[in-house]
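*Asks:* curious how this folds, go ahead:
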Amino acid sequence: QVQLVESGGGLVQAGGSLRLSCAGSGRSFSNYAMGWFRQAPGKEREFVAAISRYGGTTTYTDSVKGRFTISRDNAKNTVYLQMSGLKPEDTAVYFCAVDWDRSLPAPSEYEYDVWGQGTQVTVSS
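*Replies:* Sure, this is the predicted structure:
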């Protein structure tokens, strides 16, 4: 069974940092692009960041550029999202996902095939 499990969320003060992890199981994810998305209460899910299969290409939504860094360790079948300079507007449930169809990152959630259950990030002001 293919599965993605996020961890690392929590409560942090504005300006703080968190590192999210997304561990894959059931098959190797190393040949596929992976992404992070988030959904705040009452809002639609939005793209945050994505990374190519070997990590050479990354893309971010404008609101997190310079603050968030996506990376991956294919030996561990894991993708990370390092978040710094957190703001209250970053509060959301964060999801990771894998795109079975391409090796380069895509910002659209419709391109992704398997999703984790999400991890809550809450940033207090």
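*Asks:* the residue nearest in space to the middle of the chain is in what secondary structure piece?
*Replies:* Among the residues of the chain, the smallest C-alpha distance to the mean C-alpha position (Cα atoms, centre = their mean) belongs to Trp36, namely 2.3 Å. Element membership for Trp36 (DSSP states H and E) is strand 33-39.
*Asks:* which elements pack onto that strand?
*Replies:* strand 18-25, strand 46-51, strand 78-83, strand 92-99 (3 or more Cβ pairs under 8 Å, 6 or more residues apart in numbering; DSSP states H and E). For glycine as for every other residue, the C-beta is placed from the backbone atoms N, C-alpha and C.
*Asks:* okay, those strands in JSON lines with distance to Trp115, mean pLDDT and mean neighbour count next?
*Replies:* Compiled in JSON lines, the helices and strands packed on strand 33-39 are given as follows (distance: least, Cβ to Cβ, whole Å; pLDDT from 0 to 100; neighbours: other Cβ atoms under 10 Å):
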{"stretch": "strand 18-25", "distance to Trp115": "10", "mean pLDDT": "97", "mean neighbour count": "20"}
{"stretch": "strand 46-51", "distance to Trp115": "13", "mean pLDDT": "97", "mean neighbour count": "23"}
{"stretch": "strand 78-83", "distance to Trp115": "13", "mean pLDDT": "98", "mean neighbour count": "22"}
{"stretch": "strand 92-99", "distance to Trp115": "5", "mean pLDDT": "97", "mean neighbour count": "23"}
